[in-house]
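J.: one predicted model, sequence on top.
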There are 2 protein chains.
Amino acid sequence: MADVARLAGVSSQTVSRVSNGYAGVTEETRRQVLAAMKELGYRPNSAARALKRGEFRTIGVITFTLATTGNVRTLEAIATSAASEGYAVTLLPVAVPTQDEVRGAFSRLEELAVDAVIVIMEVHLLDAASLTLPPHVQVVVVDSDAGDTHTVVDTDQAGGSRAAVRHLLDLGHDTVWHLAGPEGSFAAQRRTDAWRRTLTEAGRTPPPLVRGDWSAESGYRAGLELAAREECTAVFAANDQMALGLLRALHERGRRVPEDVSVIGFDDIAEAGSFLPPLTTVHQDFAEVGRQCVRAVLRKMRAAGPERGTTLVPTRLVTRASTAPPPARETGRETGRR
Amino acid sequence: MADVARLAGVSSQTVSRVSNGYAGVTEETRRQVLAAMKELGYRPNSAARALKRGEFRTIGVITFTLATTGNVRTLEAIATSAASEGYAVTLLPVAVPTQDEVRGAFSRLEELAVDAVIVIMEVHLLDAASLTLPPHVQVVVVDSDAGDTHTVVDTDQAGGSRAAVRHLLDLGHDTVWHLAGPEGSFAAQRRTDAWRRTLTEAGRTPPPLVRGDWSAESGYRAGLELAAREECTAVFAANDQMALGLLRALHERGRRVPEDVSVIGFDDIAEAGSFLPPLTTVHQDFAEVGRQCVRAVLRKMRAAGPERGTTLVPTRLVTRASTAPPPARETGRETGRR
DNA sequence: ATGCGGGATGTTTACGCAAACATCGGCGAT
DNA sequence: ATCGCCGATGTTTGCGTAAACATCCCGCAT
């Protein structure tokens, strides 16, 4: 910086003013400084800047495995929208979802240059660990229900699930089966809860729960079970990958989709439109979730107050070919229904 | 830090020594300092540390979309292995693969606190942009062939493709069709080159190239074409997603896999084992690629010299149910072949 | 002509840490 | 007993920047 100042014939403070875009510098001077910067290849040192300013302009993101579409797309959206706000994103992967691992990530984080943290995981793993966080570091959480202790941003799981179930009921199905995600996941739990509530509110009896683990393979296994049940005409799968496995199992067992069984997914992954048949599913707006996370975290940083509450990002039902009215009953009576 | 020193009754320098784990501090003193740190909730300020040490202990990763399995898994491995070396990872997403965008990412990077950069993209987009990089920032590239101008780490695309083609030839197929990735991709290009070379070396005539764009949908479209060709008994798809679409198309057209047509993929994505039938594919060790990237970049940082060259990470053929010997010929002669 | 106000620029200082150097004290060799 | 050496600790200094304050100069009102 001193070199630039010398070359431009000004003081280092003027260089600083130029590099930070302050007003009060003559156009003439500014040009000279910029020229000098360019000639010397000057780059402001961000460490010194951070030291002086007391902020790093960096957001840390803690997440489990990047193996799930949702996490990845949320991360990507966070990175993009953070960048547009002039913030960088530092990634903290947690290998295994144990409290110890999470605690480890947070303790690494303490040493790290971040102004705020976005956590993409369930909060109960976090609670024991987060206590050691520096007080000024704000936290926003995705995929959790801890709205009372943290700021939470998430897809409107309940709304999406309700839309999915309603869609199937509206088509005339008596009830809707549910292929749930793993027990440990709050997202899965909320989808299941909403499924059950929607059915109950509509006066239907929720059939037994079938559980998978998000993977296509687990969907396939569950599908083999469901295919054996004649009375099952509509299935709401908690994500698209399980729906994929489900479709395969049904196809293998000779149950046609959507003629015999309707299938609806959740997520709207890129491939969903290419499934056989193309999958009706609940579209999640991950980009919006990421944007909201960044917005929330920046707001918290600026407001300083430990703002709480939950932001829900709406979903959208994407109707494709995998859902249709139920097959005609053996007894003709139902034709007259509704 | 001064407060800690005061509380512990030592100088701030001793606090520094303790917090950096230097030898030459009495066990007694160390304990007192640690106690004081804990009591005051002291965290070393990483900006000041970086300023003093002249390094950030951070690696920047530039990548296009995180929509592809490969990029994501490489990124994850990089983050994990960087963490184990005490480095953080800062993510720089590039929305659109244009030189302008890349240049933009690099200029953001210049302002950023990173000691090195790992680029997950093709290098020709990078060349025009990279010139403006600070000289001390080392670069390692994935998915590129620019081994002469940059350090490159990548999966052994050629070896994997050769193994795939050989596997099919060894099963007795006369030749192997290829469902290639998009023209712009070096990875795709190298897989295609190796496919063609392997066939030629084996004295076979490469059939016409069929091109997709990595997506399942494109694989499906290509599959419809291939299904129409009676003489096609073996297909090497350049990735698993296209193989998925291919399988669907073949199934739809009544061509059985593997009885009528053998299919082999590339990547070994999580779902590959659940395809119908389970997909024989070339396993990429993304974790190893990530590790090697970090290793290479750290080595370059320490060596200071602009080391070049390519590190290839070997692949492994995973044999599942989608490949088998070709159907018996109409003319019985071939039984005696070999 | 004199003084005053304000915009443009320069000077000083501190951010928090750790390297380099300085100091102190105890122990063994003579 | 004296000296020297070495390990433990303290003191000084500067990393690059930007806020705060100081200075300068120009133009305008009196």
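T.: Right, received. Where do you want to start? Residues are numbered from 1 along each chain as shown, chains lettered A, B, ... in the order given.
J.: now the helices for chain A?
T.: Secondary structure of chain A by DSSP state H: the helices cover A:2-8, A:12-19, A:27-40, A:46-53, A:69-84, A:99-110, A:124-130, A:157-170, A:186-201, A:216-227, A:240-252, A:286-303.
J.: what helices or strands is the fifth one leaning on?
T.: Other helices and strands packing on helix A:69-84, by 3 or more C-beta pairs under 8 Å, 6 or more residues apart in numbering or on different chains; DSSP states H and E, are strand A:58-63, strand A:88-93, strand A:116-120, helix A:286-303, strand B:88-93. All C-beta atoms are positioned from the backbone trio N, CA, C, and that covers glycine.
J.: tell me the strands beside the shortest one, with direction?
T.: The reference is to strand A:116-120. Strand A:116-120 sits in its sheet next to strand A:58-63 (parallel), strand A:138-142 (parallel), going by DSSP bridges.
J.: in a markdown table: those, plus mean pLDDT, distance to DNA strand C and mean neighbour count.
T.: Putting those into a markdown table (pLDDT from 0 to 100; distance: least, C-beta to the nearest atom of the strand, whole Å; neighbours: other C-beta atoms under 10 Å in any protein chain shown) gives the following:
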| stretch | mean pLDDT | distance to DNA strand C | mean neighbour count |
| --- | --- | --- | --- |
| strand A:58-63 | 88 | 16 | 25 |
| strand A:138-142 | 74 | 19 | 26 |
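J.: which among those is found nearest to B:Leu279?
T.: For B:Leu279, the closest of these is strand A:58-63, at 28.2 Å, according to C-beta to C-beta.
J.: other residues contacting that closest one?
T.: A:71, A:75, A:78-79, A:82, A:87-94, A:102, A:105-106, A:109, A:112-121, A:294, A:297, B:90, B:113 (C-beta atoms under 8 Å, 6 or more residues apart in numbering or on different chains).
J.: quick revisit: now the strands paired with strand A:116-120 as JSON lines including distance to B:Gln241?
T.: Putting the strands paired with strand A:116-120 into JSON lines (distance: least, C-beta to C-beta, whole Å) gives the following:
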{"stretch": "strand A:58-63", "distance to B:Gln241": "23"}
{"stretch": "strand A:138-142", "distance to B:Gln241": "26"}
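J.: quick one: which of those strands is nearest B:Gly159?
T.: B:Gly159 sits nearest to strand A:58-63 of all these, at 32.6 Å, using C-beta to C-beta.
J.: OK, contacts around A:Cys158?
T.: Careful, residue A:158 is Ala and not Cys. Applying C-beta under 8 Å, 6+ apart to A:Ala158 gives the contacts A:190-191, A:193-194, A:197.
J.: again, 6 Å this time
T.: A:190, A:194 (C-beta atoms under 6 Å, 6 or more residues apart in numbering or on different chains).
J.: distance of it from A:His167?
T.: Using C-beta to C-beta, to the nearest Å, A:Ala158 is found at 15 Å from A:His167.
J.: and what of A:Arg17?
T.: Distance of A:Arg17 to A:His167, given as C-beta to C-beta: 59 Å.
J.: do A:Val152 as well
T.: A:Val152 sits 27 Å away from A:His167, taking C-beta to C-beta as the criterion.
J.: chain neighbours aside, what residue packs nearest to A:His283?
T.: Nearest non-adjacent residue to A:His283, counting by C-beta to C-beta, 6 or more residues apart in numbering or on different chains: A:Asp268, 3.8 Å away.
J.: dihedrals phi and psi, the one you found?
T.: Torsion angles at A:Asp268 (phi, psi; degrees, to the nearest 10) stand at phi 60, psi 60.
J.: gap between whichever residue of the stretch 151-300 of chain A sits closest to DNA strand C and B:Cys293?
T.: The nearest approach of the stretch 151-300 of chain A to DNA strand C comes at A:Lys300, 21.1 Å away (C-beta to the nearest atom of the strand). Per C-beta to C-beta, A:Lys300 is found 34 Å from B:Cys293.
J.: higher neighbour count, those two?
T.: Using other C-beta atoms under 10 Å in any protein chain shown, the more surrounded residue of A:Lys300 and B:Cys293 is B:Cys293, with 31 against 19.
J.: ok, now which ones touch that one?
T.: By C-beta under 6 Å, 6+ apart, the contact set of B:Cys293 is B:78, B:118, B:140, B:153.
J.: from B:Gly70, how far off is the residue positioned nearest the centre of chain A?
T.: When chain A is reduced to its mean C-alpha position, the closest residue under C-alpha atoms, centre = their mean turns out to be A:Thr74, at 4.3 Å. To B:Gly70, A:Thr74 is 19 Å away according to C-beta to C-beta.
J.: ok, A:Asp143 next?
T.: Distance, A:Asp143 to B:Gly70, using C-beta to C-beta: 25 Å.
J.: quick one on the thing from earlier: would you confirm that the residue nearest to the centre of chain A contacts A:Arg291?
T.: No. Look at A:Thr74 against A:Arg291 with C-beta atoms under 6 Å: they stay out of range, at 10.1 Å.
J.: who touches both of those two?
T.: Counting by C-beta under 6 Å, 6+ apart, nothing touches both A:Thr74 and A:Arg291.
J.: ok, A:Val117 - contacts?
T.: Neighbours of A:Val117 in contact, by C-beta under 6 Å, 6+ apart: A:60, A:137, A:139.
J.: please repeat the previous calculation with a cut-off of 7 Å.
T.: A:Val117 sits next to A:60, A:62, A:109, A:137, A:139 when contact means C-beta atoms under 7 Å, 6 or more residues apart in numbering or on different chains.
J.: counting neighbours, which of the contacts of B:Cys293 comes out on top?
T.: Among those, the one with the most neighbours (other C-beta under 10 Å) is B:Ile78, at 31 neighbours.
J.: is it true that that one touches B:Ile120?
T.: No. In this structure, B:Ile78 is not within contact of B:Ile120 by C-beta atoms under 7 Å, at 8.5 Å.
J.: okay then, goodbye and thanks.
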